[in-house]
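In: structure here, sequence nowhere to be found:
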């Protein structure tokens with residue numbers, strides 16, 4: 001059975017060969033899309049009730065905590081000092097972030113993630129936020145990734161702030177100090 005025939009000196013694939021190639025292309029595309037959707041899982045950060053300040057999560061620590069899995073969500077329970085070391089890799093913790101105050105009575109109150117939509121410098125969450133609300137409401141802000149070098153290689157971390165935007169500079173400074181303090185605990 002021939003899989004191709006010659007037309008004017010050129011090889012032309014048969015209908016079956018074209019279907020096979022197209023089918024393979026479709027399977028590769030579906031597999032690529034499926035692998036990307038794994039990183040869109042929900043990441044939940046449970047913040048202690050009334051906490052305001054910097055949060056730093058250090059990844060890949062053998063003595064670190066193991067994040068909880070709750071109905072397909074990866075849950076990080078942030079301690080009162082805002083510093084959490086976990087044994088999970090940073091890649092494991094990629095996904096769509098949600099922030100909640102964990103109240104002593106078991107309730108959870110969502111904290112919105114505030115981002116700036118440059119170049120207009122308008123601030124938003126899943127909705128537009130007024131300047132007054134931005135100044136006086138507690139948000140999660142500055143959700144960023146980073147790494148620092150140690151004698152044993154790179155250490156990856158994620159940091160963010162919980163607080164009112166008007167306290168942003170103060171909280172940002174505290175966050176940088178917390179990262180520097182953590183760096184000092186690693187061999188150089």
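Out: That came through, no problem. Note that the structure is a prediction, hence the values are computed from the model and not measured.
In: tell me which element the residue lying closest to residue 102 once chain neighbours are set aside falls in.
Out: Nearest residue to residue 102, sequence neighbours excluded (CB to CB, 6 or more residues apart in numbering): residue 46, at 4.2 Å. Backbone N, C-alpha and C define where each C-beta goes, glycine included. For residue 46, the host element (DSSP states H and E) is strand 42-48.
In: which outside residues touch that strand?
Out: 55, 70, 72-80, 93-102, 108, 111, 140, 160, 162 (CB atoms under 8 Å, 6 or more residues apart in numbering).
In: try 6 Å this time
Out: 73-78, 80, 93, 95-102, 162 (CB atoms under 6 Å, 6 or more residues apart in numbering).
In: on that earlier part again, the residue nearest to residue 102 and residue 169: what is the separation?
Out: For residue 46, the distance to residue 169 (CB to CB, to the nearest Å) stands at 26 Å.
In: can you give me the helices for this structure?
Out: Assigned by DSSP state H, the helices in the chain fall at 15-37, 131-136, 168-184.
In: which stretches of this protein aren't confidently modelled?
Out: 1-40, 116-127, 168 (pLDDT under 70).
In: tell me, what residue is most central in it?
Out: residue 94 (4.0 Å; CA atoms, centre = their mean).
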